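**Q** Need a 3D model of the following:
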Amino acid sequence: MIAEVLRAAEGGDAPVQLRGVGVRTDAEKIAAFRRESGDAVGQTAGENFDPNAVPLTYPFCWLTMPEIRPTLEGRIGAGFLPVHEAQSFDYDRPLAVGRDYLLDFTFTRTSDPERLTVKVAISTPDAGTWATFETVLRIVPLAAIAAPSNE
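**A** Predicted coordinates:
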């Protein structure tokens, strides 16, 4: 499926979609995410901390999945460096630990300045959309990055 999507996207700025990518909110991975993001015990939640809740920014991790990476890299292109510019999360309801979800990705490349916007809808067949998130990557040509001087 991904190879077909990449072939369809070659040479154009038309949005590329990946639909129905399955994920699960795994308790161990969520705990690792909390540790790595500096909030292992939910300090930012204060009295409202729920160890069974999925952190609001956790879905960002799904951009690194092997099923997504080839499309993401293909839309960025060789010779470019992606720089994280912005992200937003919009929840209809909180995600639950230990639940299966389906992700629908839309990758849109724009210019002036070069950007890749990734929009993701998180859903379940029985309950529809749970949340959406958007990540914007500024795409910087590697040639534009000055090499360090030896002087």
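
**Q** which residue ranges form the strands in the protein?
**A** Remark: strands assigned in the chain by DSSP state E are 16-24, 80-91, 100-110, 115-124, 128-141.

**Q** quick one: strands adjacent to the third one?
**A** For strand 100-110, the paired strands and their directions (DSSP bridges) read strand 16-24 (antiparallel), strand 115-124 (antiparallel).

**Q** if we can go back for a sec, what's the closest of the strands of the chain to residue 34?
**A** For the strands of the chain, proximity to residue 34 was assessed by CB to CB; strand 80-91 is nearest, at 16.0 Å. No exception for glycine: its C-beta is placed from N, CA and C like everyone else's.

**Q** low-scoring stretches of this structure, by residue?
**A** 1-12, 39-49, 51, 146-151 (pLDDT under 70).

**Q** How far away from the center of its chain is the longest helix along it?
**A** When the chain is parsed with DSSP state H, its longest helix is helix 27-36. Relative to the centre of its chain, helix 27-36 is centred 16 Å away, using CA atoms, centre = their mean, to the nearest Å.

**Q** ok, and for it, which residues are buried?
**A** 30, 33-34 (16 or more other CB atoms under 10 Å).
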